[in-house]
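Chemist: Whatever this is, show me its structure:
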Amino acid sequence: MQCQASDANLRQSPHLEVAANGQKLPLPVSVHDSQAAIPLAKMTDVRVTSLDDLMDAAHDAKETHEASKALGHVPIIDVNPRRDRELKEEMKRAARALRACGLAMPESVRYRIRSGVERTNDRLKDEFGARHVRVRGHAKVFSHLMFGLLALTADQLMRLAVPP
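Modeler: Here you go, the predicted structure:
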């Protein structure tokens, strides 16, 4: 998710590490996703015990894979074929072969958890004010996003406590 600070032409992208159990670890930074992947993985490794790192195609880089393996994790990172037509065709053939056999790779099954992460990001943007941030300065933008995250966390806790 991104928001634009009104006092500068900066794009700030708050990053959330979302654990498989739904635990959110807010880590707002002002860098591209691919630059944040390794520091976020290291910070998360200190905070929680995890066996894998689940990331989208923006994080598909040799360094990210190596850093994940160095932490003792299994990197589950969507392949970004970029402009490699042969790789794109190979990926399509592999997907067709798996579907024809009725099989799914374990990484594919695990990658489905990503939809929960996307729902968290969507709720933060749509329901808790992170889509349009109209304040000046890094500290105020940070505060605005953290209050939204706090409200989202409280809302999730209330949903756990009071079943619908």
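
Chemist: which helices and strands does the host helix or strand of residue 159 pack with?
Modeler: Per DSSP states H and E, residue 159 falls inside helix 138-161. Under the contact definition 3 or more C-beta pairs under 8 Å, 6 or more residues apart in numbering; DSSP states H and E, helix 138-161 sits against strand 11-18, strand 24-29, helix 114-127. From N, CA and C alone the C-beta is placed, and that goes for glycine too.

Chemist: Rounded mean pLDDT for the shortest one, please.
Modeler: Which is strand 24-29. Average pLDDT, strand 24-29: 52.

Chemist: now stretch 42-52
Modeler: Mean predicted confidence for stretch 42-52 is 84.

Chemist: where does the chain have low pLDDT?
Modeler: Along the chain, the parts satisfying pLDDT under 70 run over 1-34, 106-107, 111, 113-114, 164.

Chemist: Next, work out how far apart residue 144 and residue 126 are.
Modeler: 15 Å (C-beta to C-beta, to the nearest Å).

Chemist: And for residue 50?
Modeler: 28 Å.

Chemist: Looking at those two, which is more packed in?
Modeler: residue 50 (17 against 11; other C-beta atoms under 10 Å).
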